[in-house]
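In: let me see the structure of the following:
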Amino acid sequence: MGQRIVTGVVAGAAFLTLLWLGGWYYYGILALLALIGYHEFVRLNKLPAGRADVLCGFAATLVLALPKLPFDWTTPDMSAVAWLLMFVLLTATVFSKNRITLDQSALLFLGAFYIGLGFRYMAATRDLPHGMFWPLLVFFCIWASDAGAYFVGKAIGRTKLWPAISPNKTVEGALGGLVIALLVSLIFAVAWPDWIGYGTAIGVALAAAVAGQLGDLIQSAYKRLRGVKDSGSLLPGHGGVLDRTDSWLIVFPLVHLLGLLTV
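Out: The predicted model follows:
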């Protein structure tokens, strides 16, 4: 637990500093996390990281994770990236005479969009008006939900939420996480009433708590399928990038798609 707390504090402080600096400081750390996350995804699927189709997946993940490219390059449309990656991966099955299987190509495609788009929306949130307000709101709601679910579950958790996927999660913990996320979001609404209304604050909290816990369960289900405890070992006591960002990857796109981040 001690190592987990130290790692969390140090990594969290570094991440929040880059978020505060914004611009390419923030884009850069998100791009790096996206590439590390994709590497973990590739390793979980036991694919060779240096194979041509896998390298194309890395390139697509990087392009998708960045809201714009450096040096005034034209950033490709997401639908163009999707089509090009699909074309390359399907072509790889042909030229490899099916040594690269369709299942492998599908997994690489899924991983690039799951990870790349998740980080892209994190970057886009920082670029909204009011600077750090919106990303801090979403991050704090996610973290509040995680902490609330953990501590409430430890204290009073009795009813298993989804034991086949994540045996330690409880219904009481999930509800506790939801309540704590609501409290945090409403504090933002009280402190900055000109920027966010109570309805929006409740919507963000619900998305962060419900979709965030689903994102956690998605990663738990995948790791259970692959027979591993953690996606990686980058963060002592916390696992890999995907272990720490599984909620982020689902919540940030969702709050944008739901139109909750009003400006």
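
In: could you check the pLDDT of the most far-flung residue of the chain relative to its centre?
Out: Here the chain reaches farthest from its C-alpha mean at Lys97, the gap being 34.6 Å by CA atoms, centre = their mean. If you check Lys97, the pLDDT there is 93.

In: where are the low-confidence patches of the stretch 51-200 of the chain?
Out: Across the stretch 51-200 of the chain, the ranges flagged by pLDDT under 70 are 71-74.

In: so the residue farthest from the centre of the chain versus Gly203, what's the distance?
Out: 51 Å (CB to CB, to the nearest Å). Every residue, glycine included, has its C-beta placed from N, CA and C.

In: so Gly116 is in which element?
Out: Per DSSP states H and E: Gly116 is located in helix 102-126.

In: elements contacting that helix?
Out: helix 23-44, helix 52-65, helix 78-95, helix 133-156, helix 241-257 (3 or more CB pairs under 8 Å, 6 or more residues apart in numbering; DSSP states H and E).

In: and that helix, which residues are buried?
Out: 104-105, 107-109, 111-126 (16 or more other CB atoms under 10 Å).

In: which ones are touching Arg99?
Out: Contact analysis of Arg99 by CB atoms under 8 Å, 6 or more residues apart in numbering lists nothing.

In: what are the phi and psi values at it?
Out: Dihedral pair for Arg99: phi -70, psi -40, per degrees, to the nearest 10.

In: so the helix holding Gly116 versus helix 78-95, what angle?
Out: Helix 102-126 and helix 78-95 meet at an angle of 160 degrees, taking axes from the mean of the first three to the mean of the last three CA atoms, to 10 degrees as the criterion.

In: the inter-axis angle of helix 102-126 versus helix 52-65?
Out: Using the same axes, to 10 degrees: helix 102-126 against helix 52-65 is 20 degrees.

In: how far out from the middle of the chain is helix 102-126?
Out: Distance of helix 102-126 from its chain centroid, counting by CA atoms, centre = their mean, to the nearest Å, is 10 Å.

In: quick one, it and helix 241-257 angle?
Out: Going by the same axes, to 10 degrees, helix 102-126 makes 60 degrees with helix 241-257.

In: quick check, Pro67 in a helix?
Out: No - secondary structure of Pro67 (DSSP: H, G, I helix; E, B strand; the rest coil): coil, not part of a helix.
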